[in-house]
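Undergrad: Could you work out the structure for the sequence below:
(2 chains)
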Amino acid sequence: MKSIKILGTGCPKCKTMFNNVNEALKNKGLDANVEKIEDIQEIMKYNVLSTPVLVIDEDIKVKGKAASVSEIESYL
Amino acid sequence: MFEWTQAFADWLIYKVFNIAPDSSLGEALNFFVYDTIKILVLLFVIVFIMGVVNMYFPIERLKNYLNRKKLYGLEYLLGSTFGAITPFCSCSSVPLFIGFVQGGIPLGVTFSFLITSPLVNEVAIAMFLGLFGWKATLIYAGSGIILGTLGGWILGKFNLEPLLSDWVQKILNNSEADTEEYQDDSKQSLVQRLPDITKEAWDLVKGILIYVIIGIGIGAAMHGYVPENFFAEYLGSGAWWTVPLAVLLAVPMYANAAGIVPVIQVFVAKGVPLGTAIAFMMATVGLSIPEGTLLKKVMSWQLIAIFFGVVTLFIILSGFLFNILL
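TA: Numbers count the residues shown, from 1 in each chain, chains lettered A, B, ... in the order given. Model (predicted):
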């Protein structure tokens, strides 16, 4: 099972990304371990400068913007 | 450039809705339609241009510039300028702060970036351009960048590192300048990325549409109904205390640039000096309680107070300066 993390301090864009991830998973009929990381110290371990960030299996896919459903689907 | 918008507004309000051009309602509605269309077009264009600029200068690359080169004091100006061209999102200010500290960028330079980033952003520029014209926009952007430069430089002199949160100080002690050159990992050309940039610009405009409409709506209502020189009588008399008063009122306010500029424009039209208005605007978008709360994660209250205090002081000083110069 894929591990998906959304890093972000709780801004609207992070919520959009979280919803888009769930929608993308539903569209593709996949199940994954989706986690929201809001703790700043935890976020900084990924060495990113802008949020939200999409991490799939510990690999940074998107940073600094809320990716669209179709974009997320292409990473799954 | 925007004659067609005026023609459209005239046609819609005076012909289609058949409201008399010299009535308060007609004037207000005409103003509302004209400004809304003009500003939405400008917003889209500016955000799009910024999207292209950011494609060539992503934040990672800017950070790289800042700590690779010895710049003899110019790094503050550079930090401030980078803050202006990076799209601002309050939720990114903390990761940015840590990232800069981690990368060995001096605290003062980081502050320069942090001051200018919310102050001069694409939305504020587009709104200013639409409502005040290019000259006031240049003054606003230029003074924002100078303010960030000086503010960061002063804060850098204070030896504030001990006032950072413990875990940030730990990062600071382990920081090292990145040595590798920034590598752009995606190999897409501008043309390939244009659809994405267009979509992002469109999404941003959609996201703030409601604030634009509310702001212009309030502005339009005030335009039609608030008597000429109303503010001039009470506020615009040029009394020296109006600038600090406007700034102190604005600091705790948290308003979107999209919503606040149309209202400020009416203030100016009704007699508030432009300098006072710009100072008010800067304090509203540049400093806010939510931002302070976010920064609490990385710094102590004392440091936040010093940071806000220095920036407030500079905004007040620039307000005075504008009122003398303009």
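Undergrad: B:K157: what's it in contact with?
TA: B:K157 makes contact with B:G108 under the criterion CB atoms under 8 Å, 6 or more residues apart in numbering or on different chains. Every residue, glycine included, has its C-beta placed from N, CA and C.
Undergrad: Ignore what I typed, I meant B:P162.
TA: B:Q169.
Undergrad: One more: the one 3 residues further on?
TA: Each residue near B:S165 by CB under 8 Å, 6+ apart is listed here: B:K297, B:V298, B:M299, B:S300.
Undergrad: hang on, the last one packs against B:V168?
TA: Looking back up the chat, that one is B:S300. No: counting by CB atoms under 8 Å, B:S300 does not reach B:V168; the two are 10.0 Å apart.
Undergrad: The two: which has the busier surroundings?
TA: Comparing B:S300 with B:V168 by other CB atoms under 10 Å in any protein chain shown, the one with more neighbours is B:V168, at 22 against 16.
Undergrad: quick one: A:E35 is in a helix?
TA: No: assessed with DSSP: H, G, I helix; E, B strand; the rest coil, A:E35 is strand; it does not lie in a helix.
Undergrad: Please name the spatially closest residue to it (chain neighbours excluded).
TA: Computed as CB to CB, 6 or more residues apart in numbering or on different chains, the closest residue to A:E35 that is not its neighbour in sequence is A:K5, at 4.9 Å.
Undergrad: Please give me every residue in contact with the one you found.
TA: Here A:K5 is in contact with A:V34, A:E35, A:K36, A:I37, A:V53, A:L54, A:V55, A:I56 (CB under 8 Å, 6+ apart).
Undergrad: re the thing from before, which ones among the contacts of B:S165 map onto strands?
TA: Among those, no member falls in strands (criterion: DSSP state E).
Undergrad: pLDDT check: weakest of those residues?
TA: Least confident of the contacts of B:S165 in the model: B:K297, at 83.
Undergrad: What is the burial count for the nearest residue to it once chain neighbours are set aside?
TA: Nearest residue to B:K297, sequence neighbours excluded (CB to CB, 6+ apart): A:I40, at 5.2 Å. When neighbours are defined as other CB under 10 Å, A:I40 has 20 of them.
Undergrad: what's the closest non-adjacent residue to the residue in the stretch 101-250 of chain B positioned nearest to chain A?
TA: Going by CB to the nearest CB, chain A is nearest to B:W167 of the stretch 101-250 of chain B, at 6.1 Å. Leaving aside its sequence neighbours, B:W167 sits nearest to A:Q41 (CB to CB, 6+ apart; 6.1 Å).
Undergrad: B:D196 - that's part of a helix, no?
TA: Yes: with three-state DSSP as the criterion, B:D196 is part of a helix.
Undergrad: Close to chain B: what parts of chain A are there?
TA: Taking CB under 8 Å from any CB of the partner chain as the criterion, chain A approaches chain B at residues A:8-14, A:40-41, A:43-44, A:47-52, A:64-65, A:68.
Undergrad: ok, now which ones touch A:Y46?
TA: Residues near A:Y46 by CB under 8 Å, 6+ apart: A:L7, A:V53, A:V55, A:I60.
Undergrad: Please pick out the residue of chain A most distant from its centre.
TA: A:G29 (17.4 Å; CA atoms, centre = their mean).
Undergrad: State the pLDDT value of that residue.
TA: 88.
Undergrad: could you give the mean pLDDT of stretch A:51-71?
TA: 86.
Undergrad: neighbouring contacts of that stretch?
TA: With CB under 8 Å, 6+ apart as the test, stretch A:51-71 has contacts from A:2-9, A:11, A:13-14, A:16-17, A:20-21, A:23-24, A:27, A:43, A:46, A:48-50, A:72, A:75-76, B:59, B:89, B:91-92, B:95, B:199-200.
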